[in-house]
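A.B. asks: Next come a sequence and a model predicted from it.
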Amino acid sequence: MDPILKVQNVSKRFGGVEALKDVSLEVKRGSVTGLIGPNGSGKSTLFNVITGFYKPDFGSVYFDGKRIDGLNPDEVYNMGIARTFQTPRLFGPLTTLENMMLSPKGQRGESLLRAPLRKTWLNEEMQIANEVKSLLKGFDMDGLYKMLASDLSGGHVKMVETSKGILGRAKLILLDEPTAGVHYAVGKNLFEYINYLRKTYNLTFFIIEHRIDLLFDYVDYVYVLHMGRLLSEGTPEEVASDPKVIEAYIGGA
Amino acid sequence: MFDISSFLISWFPLFGIYAVLSLCLNLEVGYAGMANFGLVAFYGIGAFVAGYTSITIFLTFYGYNYPIYSPEAIIAMGRVAGKTPWLNISVFILSLILAFLIAGLAGYLVSYPTLRVGPAFLGITILSFGEMLRVFMKHFAPTGGAYGMLGIPHPFAWIPDPAIKNTSFLILTLAILIGVLIYFELLVNSPYGRVLKSIREDETASLCIGKPVPQIKARLLFVASGISGVAGALYAFYLGAITPDMFITAVTFEVWSMVILGGRGNNFGALLGASVFSLLNRATSILNFLFSDLPIDPNYFRWMITGALIVIILMYKPKGIIAEKPIKTEAWKIFGAYGETKKKLIDSILRIIDYLKSAIYWLIGRETGYGPDIKGSKRE
Ligand SMILES: Nc1ncnc2c1ncn2[C@@H]1O[C@H](COP(=O)(O)OP(=O)(O)OP(=O)(O)O)[C@@H](O)[C@H]1O
Ligand SMILES: [Mg+2]
């Protein structure tokens, strides 16, 4: 099958730092693909290039066969790529419910002209709320719907962030270190949930993770970045036994 | 002699105008997090558009050929302003529409280049735009330069009894204020309001869930600046005379104080802030009038009290007197808790009635001991 995401010869430089050097990779449709590498190796930068935050200096990005590297982040999202950030970015003073309700794209009630006309969007709003409820129920959080996002525990924040993409009808979800800052067991739970979402909703995940032990139990394929270059790729077993990878990690960045 | 009805007539239109302004600023700052430091520019544009349009139309209609700022024109306006009620009303309505469109367009254009960069750029750009515009207007002969315009035809100039005339204007202002309030309440208690708040909290994250942030901001500025322009037009008709120096940057910060004091992200907070400050405003001018030989001009006190109030409120209620609430779209109903909120609604209505009663008793000075114990009646 054709890959859902294709990154071709992408380079990105910040002043003197070459954050990405001629990186090419593919993410298979329906897979859970991992992206690892030491600190500062360019993983987050790659996500930022894919989601339209940075324009690559060179190279191109294709999603579902369409070129997306000139688009703005909102346009990329509307094409079907959702992402999370390395540090959680929920809207703190908004409730869990409000945070989730923001995800669906193209809501009628979000237009300046229709907003005051309740009738035009109330039905859609209730449908979305229903969907949010069943998602929240899926991880026992429906009781927390009116809690402010800033008051949620770390684990809950991760669940909300990960599942938000479903509401946006994303086909590909990019997660930047989803288990950072949570307990191992919570992280395992999260990966179980990711696996469940992938199967239920036919999703593709592309995941940056430093907890390699955890990641390798759940991914189909792994890419390794080192100092902005693609160092290695393959199944978890292949990558784990690649001497170059071992050296990069032990030798430090 | 202190006369309550003349006090109301002199206070209320100003309150209404300031309340509209603070509702607009609250929409921009309180909801969308856009630091508009140049609100006064759009307010001024509205006032000048209204003044210019109305005087020009009147002079043309009556076949006068004077420049609108000339003494002859002012005298002519005095003669004809009350002759044709339908002209007054239609000129008034037309001026309001033009003020909305031109001020709105100015807001859209001025802000557009700055929307993709940080919020500080927007604030500073609009701030300097307002100052430049004021200085420009002082030297712009067609609208009277530094002297501005006189003889702006009051929409009710044809009513001979000044009390009825002023009351009519008061009711009109009130109607516009209520209209704006209802419109804004509907606007923000919707998915749109939710998007505005997300932009305020984290523009980048909002962009990342597909919200076209620069476009949303530019359109919001169009609407809010346009309505600020309507407030300016009302002001011009209320005073009948305007000069560029009425629209100094301090006006912007006065409105900011109202929003900060009343509560950001809450329309009723903005309304409360506007009433507190416009009352303070009136109170100091009445003091000035009653005691003509005070050692300090009470108008200076006003700014001190403003500052003190803001410090005190921010210390004890950092979110303002009326704090922000989650938007009301009924989505929560899906999660149950139907009856609970209905009861809450009745409770809060009863509480408001209590407050009103005690306020009235306090005003007429009756010692009844009646009225809510403020601390005791605070619920949850
Ligand atoms: N906006 C930026 N401006 C300047 N330099 C940047 C910028 N973003 C990233 N960099 C640099 O690019 C390099 C790669 O950074 P990146 O954040 O992609 O690493 P990473 O692999 O995600 O690291 P970590 O595992 O610590 O998150 C680093 O040297 C970083 O300092
Ligand atoms: Mg990173």
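C.D. replies: Structure's in. What do you need? Ligands and ions are numbered 1, 2, ... in the order given.
A.B. asks: ranges for the helices of chain A?
C.D. replies: A:43-50, A:73-79, A:96-101, A:118-138, A:154-167, A:184-201, A:212-216, A:236-240, A:243-251 (DSSP state H).
A.B. asks: ugh, wrong one, the stretch 1-150 of chain B
C.D. replies: Secondary structure of the stretch 1-150 of chain B by DSSP state H, counting those that start in this stretch: the helices cover B:4-25, B:39-61, B:71-80, B:85-111, B:119-138.
A.B. asks: for the helix or strand that contains B:Phe268, which positions count as buried?
C.D. replies: Assigned by DSSP states H and E, B:Phe268 belongs to helix B:267-290. For helix B:267-290, burial by neighbour count (16 or more other C-beta atoms under 10 Å in any protein chain shown) applies to B:267-278, B:280-284. Backbone N, C-alpha and C define where each C-beta goes, glycine included.
A.B. asks: Stretch B:48-62 now?
C.D. replies: Within stretch B:48-62, the residues scored as buried using 16+ other C-beta under 10 Å are B:Phe48, B:Val49, B:Ala50, B:Gly51, B:Tyr52, B:Thr53, B:Ser54, B:Ile55, B:Ile57, B:Phe58, B:Leu59.
A.B. asks: just stretch B:171-180 next, same as before
C.D. replies: Here stretch B:171-180 shows B:Leu172, B:Thr173, B:Ile176, B:Leu177, B:Val180 as buried, counting by 16+ other C-beta under 10 Å.
A.B. asks: got a list of what residue 31 touches?
C.D. replies: If you meant another chain, say so; for now it's chain A. Residues counted as contacts of A:Ser31 (C-beta atoms under 8 Å, 6 or more residues apart in numbering or on different chains) are A:Thr204, A:Phe205, A:Val219, A:Asp220, A:Tyr221.
A.B. asks: should've been chain B
C.D. replies: Counted by C-beta under 8 Å, 6+ apart, B:Tyr31 has contacts B:Val188, B:Gly193, B:Leu196, B:Lys197, B:Arg200, B:Gly265.
A.B. asks: my read: the fourth one touches A:Leu94, true?
C.D. replies: In other words, B:Lys197. Yes: here B:Lys197 reaches A:Leu94: they are 6.0 Å apart, a contact under C-beta atoms under 8 Å.
A.B. asks: for chain B, what are the low-confidence residue spans?
C.D. replies: B:1-2, B:116, B:118-119, B:292, B:337-344, B:359-380 (pLDDT under 70).
A.B. asks: got the residues of it near chain A?
C.D. replies: B:183, B:186-187, B:190-195, B:197-198, B:201-202, B:204-213, B:216, B:219-220, B:223, B:324, B:326-327, B:329-335 (C-beta under 8 Å from any C-beta of the partner chain).
A.B. asks: hang on, the earlier thing: name the stretch from the helices of chain A that approaches ligand 1 most closely.
C.D. replies: helix A:43-50 (3.2 Å; C-beta to the nearest ligand atom).
A.B. asks: pLDDT value on A:Val32, please?
C.D. replies: pLDDT for A:Val32: 96.
A.B. asks: okay, now it: neighbour count?
C.D. replies: Using other C-beta atoms under 10 Å in any protein chain shown, A:Val32 has 24 neighbouring residues.
A.B. asks: How about the contacts made by it?
C.D. replies: So A:Val32 contacts A:Ile194, A:Asn195, A:Arg198, A:Thr204, A:Phe205, A:Ile207, A:Tyr218, A:Val219, A:Asp220 (C-beta under 8 Å, 6+ apart).
A.B. asks: How about chain A: which residue is closest to ligand 2?
C.D. replies: The minimum distance from chain A to ligand 2, using C-beta to the ion, falls at A:Ser44 (3.1 Å).
A.B. asks: Okay, the spatially closest residue to B:Ala106 that is not a sequence neighbour and B:Pro113: tell me how far apart.
C.D. replies: Residue nearest to B:Ala106 in three dimensions, not counting chain neighbours: B:Ile45, with 5.6 Å by C-beta to C-beta, 6 or more residues apart in numbering or on different chains. B:Ile45 sits 18 Å away from B:Pro113 when distances are taken as C-beta to C-beta, to the nearest Å.
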